[in-house]
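Student: this one's structure only:
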RNA sequence: GUGGCUAUAGUUCAGUUGGUUAGAACGCCAGAUUGUGGAUCUGGAGGUCACGGGUUCGAGCCCCGUUAGCCACCCCA
């Protein structure tokens, strides 16, 4: 077994990753933040299996998603696949439990999904999505609420500079109808979606190639996709372009209503911008569509996207299930926060370090830590009675914020040092049977240092 | 899936037209300081040069394959 040639090389599959504490701690914090924002709006948690019958996942898929599916045969000879998003499982789930759920139904789902596509920076084969959806209602109140949730979410995550880009599929469809491009809508929208990235000339070329658009049609499409200015200004310019087209006028009216509601709900207009170049590649969107960009890092792409769909579960049930939802890309957002330096290098989730000073006093340290935990403060007792300097170095490296130090001298005097590791400040506190004063001193010190957990 | 670039200590990288025992910085461990961390100094551990084959008297360096990473396309979170 010790023979090196027989040793198995430890490694992870392409596109899959291990998570060390310093990346897992912020990851969990983000998930907890998303969870609490979703719950504050009344969204309920659900979960579904990682594996589904292949036919469930391929039913609505395009050739593209089929290629990305991890599919195989299980031990019983069933054709199965790993879910590649959380929306298709929701459709199956809603169709299957329709009667038990009732409508409207609001759920959130934070879970990993798998895509067998090529990797790239911030793009992996296994990643977490944080979805929230409202199904069973066509009310624009749900659309408005989607904007509010996204807005609250990014504020709660610590961002102030971001913009939620909003558009409406029916406006796009109305415009395309007037231009005679309605049949090729999917290709045209896919091309428009790339406008910011590849520029108008390349978009025109793509539309000519994939949608057979004439030069005049391309020019018209690009003209409306490039409309800019304040929301009022953009809407003003769109109005005549959809005038007389029922689809376009409906879309425009809905968009106006959503903007008004979002403003009433507290979203400042600079954070919710009408952007007619937002198209979303997925063809099942039928109404409002959203993408969210970080002002400091627009190149990373959308970190939270979604939109309204008319009929989520038509493949699985005859029930009409309209809805709207969005998905936070946790791993992409983490990659962004990493490059923006927004993540603390903390490798411990407990803020208090208890030094193991005198070997015979272990029980005293254990009691001290227990009192802190009872007060809701995480505490770790060092496992070895090593030199104090080494223990403090360990505490410092891991990002502990307060250290408790009690040697023979302190214990004999019925005292304990409470040391703030950020400032170096240390106070000596009386150590009562219930350690109440120490707990109070720890709370005081923790309040002085910023930090989470 | 297609095309391009890359792979040397835990990390970031040196390594000269192929030529003896592969280096640095940071990190890690220990000591200077048998009760006080983030500074300094000293010492130490750690690499079959991603893996497998080939060319050569000789390969970290050249060739082929595999794996992984990065970039573009595609698509998307």
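Tutor: Sure thing, it's come through. In this text, all values refer to a predicted model and were calculated from it rather than measured experimentally.
Student: where does the prediction get shaky in the stretch 201-350 of chain A?
Tutor: Scanning the stretch 201-350 of chain A for pLDDT under 70 picks out A:280-283.
Student: and the closest residue to residue A:147 other than its chain neighbours, how close does it get to residue A:350?
Tutor: Spatial nearest neighbour of residue A:147, chain neighbours left out: residue A:262 (4.4 Å); criterion: Cβ to Cβ, 6 or more residues apart in numbering. C-beta coordinates here come from the backbone N, C-alpha and C atoms, glycine included. Using Cβ to Cβ, to the nearest Å, one obtains 40 Å as the distance from residue A:262 to residue A:350.
Student: more crowded one of those two?
Tutor: residue A:262 (24 against 18; other Cβ atoms under 10 Å).
Student: quick check, the more buried one in contact with residue A:146.
Tutor: No - with contact defined as Cβ atoms under 8 Å, residue A:262 and residue A:146 do not form a contacting pair (9.2 Å).
Student: within range of RNA strand B, give me the residues from the stretch 101-250 of chain A.
Tutor: A:115, A:117-125, A:127, A:129, A:190, A:193-194, A:197-198, A:206 (Cβ under 7 Å from any atom of the strand).
Student: next, the residue nearest to the spatial centre of chain A: phi, psi?
Tutor: With distances taken as Cα atoms, centre = their mean, residue A:328 lies nearest the centre of chain A, 2.9 Å away. The phi/psi pair for residue A:328 (degrees, to the nearest 10) reads phi -90, psi 130.
Student: now do residue A:140
Tutor: According to degrees, to the nearest 10, residue A:140 has phi -70, psi -10.
Student: can you list the residues of the stretch 251-400 of chain A near RNA strand B?
Tutor: Contact residues (Cβ under 7 Å from any atom of the strand) of the stretch 251-400 of chain A with RNA strand B: A:280-282, A:301-305, A:327, A:329, A:331-332, A:357, A:386-390, A:392-397.
Student: and these, which are buried?
Tutor: A:280, A:282, A:301-305, A:327, A:329, A:331-332, A:357, A:392, A:394-395 (16 or more other Cβ atoms under 10 Å).
Student: of these, closest to residue A:135?
Tutor: Taking Cβ to Cβ as the measure, residue A:135 lies nearest residue A:327 of these, at 14.4 Å.
Student: surely the closest one is within a strand?
Tutor: Yes - checked against DSSP: H, G, I helix; E, B strand; the rest coil, residue A:327 lies within a strand.
Student: for it, name its beta-bridge partners.
Tutor: Counting by DSSP bridges, residue A:327 forms beta bridges with residue A:131, residue A:305.
Student: thinking it is in contact with residue A:129, fair?
Tutor: Yes - between residue A:327 and residue A:129 there is a contact at 5.0 Å, judged by Cβ under 8 Å.
Student: overlap in contacts of those two?
Tutor: Residues touching both residue A:327 and residue A:129 (Cβ atoms under 8 Å, 6 or more residues apart in numbering) are A:85-86.
Student: among the residues of the stretch 101-250 of chain A next to RNA strand B, the buried ones, what's the ChimeraX command?
Tutor: In ChimeraX syntax, the buried subset of those is picked out as below (16+ other Cβ under 10 Å):
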select /A:115,122,123,124,125,127,129,190,193,206
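Student: helix or strand next in line after the helix or strand residue A:216 falls within, which one?
Tutor: Secondary structure assigned from DSSP states H and E places residue A:216 in helix A:215-225. Going down the chain from helix A:215-225, the next helix or strand is helix A:231-242, by DSSP H and E.
Student: list the buried residues in the helix or strand following that following helix.
Tutor: As assigned by DSSP H and E, the chain's next helix or strand after helix A:231-242 is helix A:246-264. For helix A:246-264, a neighbour-count test (16+ other Cβ under 10 Å) marks A:247-252, A:254-256, A:258-259, A:261-262 as buried.
Student: show me what helix A:246-264 is packed against.
Tutor: In terms of contacts (3 or more Cβ pairs under 8 Å, 6 or more residues apart in numbering; DSSP states H and E), helix A:246-264 is packed against helix A:140-157, strand A:162-168, helix A:169-179, helix A:231-242, strand A:272-274, strand A:285-294.
Student: could you give the angle of that helix to helix A:140-157?
Tutor: Here helix A:246-264 points in a direction 50 degrees away from that of helix A:140-157 (axes from the mean of the first three to the mean of the last three Cα atoms, to 10 degrees).
Student: in the helix holding residue A:216, what counts as buried?
Tutor: A:217-218, A:220-222, A:224-225.
Student: got the domain boundaries for chain A?
Tutor: A:21-339, A:352-448 (automatic domain parsing).
Student: can you say which of those is nearest to residue A:11?
Tutor: domain A:21-339 (14.5 Å).
Student: now the end-to-end length of that closest one.
Tutor: Terminal residues of domain A:21-339 are spaced 18 Å apart (Cα to Cα, to the nearest Å).
Student: nearest residue to the residue nearest to the centre of chain A other than its sequence neighbours?
Tutor: Using Cβ to Cβ, 6+ apart, the nearest residue to residue A:328 is residue A:130, at 4.0 Å.
Student: go on, residue A:57?
Tutor: Using Cβ to Cβ, 6+ apart and skipping the chain neighbours, the partner closest in space to residue A:57 is residue A:81 (4.9 Å).
Student: so which of the buried ones among the residues of the stretch 251-400 of chain A next to RNA strand B sit within helices?
Tutor: A:331-332, A:392, A:394-395 (DSSP state H).
Student: compile these into TSV and extend it with columns for distance to residue A:447.
Tutor: As requested, those are arranged in TSV below (distance: Cβ to Cβ, whole Å):
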residue	distance to residue A:447
A:331	33
A:332	34
A:392	21
A:394	24
A:395	19
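Student: out of the residues you listed, which two are the most distant from each other?
Tutor: A:332 and A:392 (37.4 Å).
Student: do stretch A:27-46 and RNA strand B meet?
Tutor: No - applying Cβ under 7 Å from any atom of the strand, one finds stretch A:27-46 separated from RNA strand B by no less than 12.7 Å.
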